[in-house]
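Asks: Model the structure of this input:
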Amino acid sequence: MPAAPVQFGQYPPARRTLLHISDTHLLAGDRALGGRFDTAANLRRALEAAEATGIRPDAIVFTGDLTDLGEPEAYAALRAAVAPVAARLDAPVVWVAGNHDERPALRRELLDLEPTEEPVTGVWDLGGLRLVALDSTVPGWHHGDLDTAQLTWLREVLSTPAPLGTILALHHPPLPSHVPLFDILELRDQGRLAEVIAGTDVRAILAGHLHYSTSGTFAGVPVSVAAATCYTMNLARPAVDVNGMDAGQSFHLVHVYDDTITHAVVPVVDAPTGDYFSAEWVERMSRLTPEERLEAFSRKPS
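Replies: Down below sits the predicted model:
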């Protein structure tokens, strides 16, 4: 049983926490993507890093491109890799479709549903926090779109506010990218989505697709894009020369507070780490009065 959180500052502990992972791009048979990227191994490293944080998320959200070619065997391998982690964390898994996914195989292998071309959508009540998965994929194409039927459904879902508000999850982020040609792959007709969420309780939008972490606002709502676990885009190059690299993989920890939502980028990296802070240090500090803590830690030495 995890210890009760300790509050030193003005913010109480987060009301809800999400683990946001994106763009796993698994292939059947543990094949290397492009002959270079071991997407299965990179996913395992990301899941191990997420579990090592000790955080028990209220849900694990995968924002699309779950597989690279939509192979049934790849979805089965993904489920086999994630299910034990989700069970240990006691967290539901939210699968969001991406442009590399195939709806029939995704629905059958991950959701135990009929293998149809119906959009992969859903609503989860996470103790008052509503999480809505949208399907921005267009079968046979890489750009994104949300048809009238899905937007009508979303409008109905949002017609009643949730106690802790709503978070939307989709693959194509409603944000611009500075990388040339990425605009070809963007979410089309974004104004229609903006009209649906205007004035609702939508507090954040989670997305993927870009293979690099970025953030912005859309219709006044914060948007957070998680980088990929498979490979990421090397933004240290000139924009016209950006390409993929087997480095910089990360996931996000989403903390939902009463008045704000934070999105922390967690690098999946093996690097030496200091040991100044620890559970013992926090426990020791918790026994001090606020004045004693200020004296012991906050004040700079003379």
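
Asks: so where's the protein uncertain?
Replies: Counting by pLDDT under 70, the low-confidence segments of the chain come to 1-6, 300-302.

Asks: how about the strands in it?
Replies: Using DSSP state E, the strands of the chain run over 16-21, 59-63, 93-96, 122-126, 129-133, 166-169, 202-207, 214-218, 221-225, 232-233, 244-245, 250-256, 261-267.

Asks: Other residues contacting the fourth one?
Replies: For strand 122-126, the external contacting residues (CB atoms under 8 Å, 6 or more residues apart in numbering) are 16, 18, 58-59, 92, 94, 130-133, 157, 162. Any C-beta I mention is one placed from the backbone N, CA and C, and that applies to glycine too.

Asks: returning to what we had before: between the strands of the chain, which one is closest to L181.
Replies: Evaluated over the strands of the chain, closeness to L181 peaks at strand 232-233, with 12.1 Å, by CB to CB.

Asks: so what secondary structure elements neighbour that closest one?
Replies: strand 244-245 (3 or more CB pairs under 8 Å, 6 or more residues apart in numbering; DSSP states H and E).

Asks: Can you give the strand pairings for the strand it packs on, parallel or anti for each?
Replies: With DSSP bridges as the test, strand 244-245 is paired with strand 232-233 (antiparallel).

Asks: who touches the nearest residue to T262 once chain neighbours are set aside in this structure?
Replies: The shortest distance from T262 to any non-neighbouring residue, by CB to CB, 6 or more residues apart in numbering, is to H255 (4.8 Å). Contact analysis of H255 by CB under 8 Å, 6+ apart lists 14, 16-17, 261-262, 264.

Asks: I'd like to know how far H255 sits from A279.
Replies: Note on H255: its distance to A279, by CB to CB, to the nearest Å, is 19 Å.

Asks: Repeat that for R192.
Replies: 48 Å.

Asks: Compare neighbour counts for the two and give me the winner.
Replies: Set R192 next to A279 and count neighbours by other CB atoms under 10 Å: R192 wins out with 13 against 10.

Asks: With respect to T200, which of the contacts of H255 is nearest?
Replies: The closest of the contacts of H255 to T200 turns out to be I261 (CB to CB; 15.2 Å).

Asks: Bridging across strands, which residues link to that closest one?
Replies: Beta-bridge partners of I261, counted by DSSP bridges, are V256.

Asks: Next, work out how far apart it and Q7 are.
Replies: To Q7, I261 is 18 Å away according to CB to CB.

Asks: And those two? Which one has more around it.
Replies: I261 (20 against 10).

Asks: Let me have the strands of the chain in CSV, adding distance to L151 as columns.
Replies: Listed next are the strands of the chain as CSV, based on distance: least, CB to CB, whole Å:
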stretch, distance to L151
strand 16-21, 23
strand 59-63, 19
strand 93-96, 17
strand 122-126, 15
strand 129-133, 12
strand 166-169, 12
strand 202-207, 13
strand 214-218, 15
strand 221-225, 15
strand 232-233, 30
strand 244-245, 33
strand 250-256, 24
strand 261-267, 23
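
Asks: Leaving out sequence neighbours, find the closest residue to D65.
Replies: By the measure of CB to CB, 6+ apart, the closest residue to D65 outside its immediate chain neighbours is G98, 3.5 Å from it.

Asks: Same check on G144?
Replies: Per CB to CB, 6+ apart, closest to G144 is H172, 3.0 Å.

Asks: My read is that the one you found contacts A207, right?
Replies: Yes. If you go by CB atoms under 8 Å, H172 and A207 touch, sitting 6.6 Å apart.

Asks: can I assume the residue nearest to D65 is in contact with G70?
Replies: No. Look at G98 against G70 with CB under 8 Å: they stay out of range, at 9.9 Å.

Asks: between the two, who's got more neighbours?
Replies: Neighbours around G98 and G70, counted as other CB under 10 Å, are more numerous at G98. The numbers are 31 against 17.

Asks: distance of the more buried one from L210?
Replies: Distance, G98 to L210, using CB to CB: 11 Å.

Asks: try D58
Replies: Using CB to CB, D58 is found at 25 Å from L210.

Asks: Then Y257?
Replies: Using CB to CB, Y257 is found at 26 Å from L210.

Asks: Please identify which of the two sits among more neighbours.
Replies: L210 (23 against 14).
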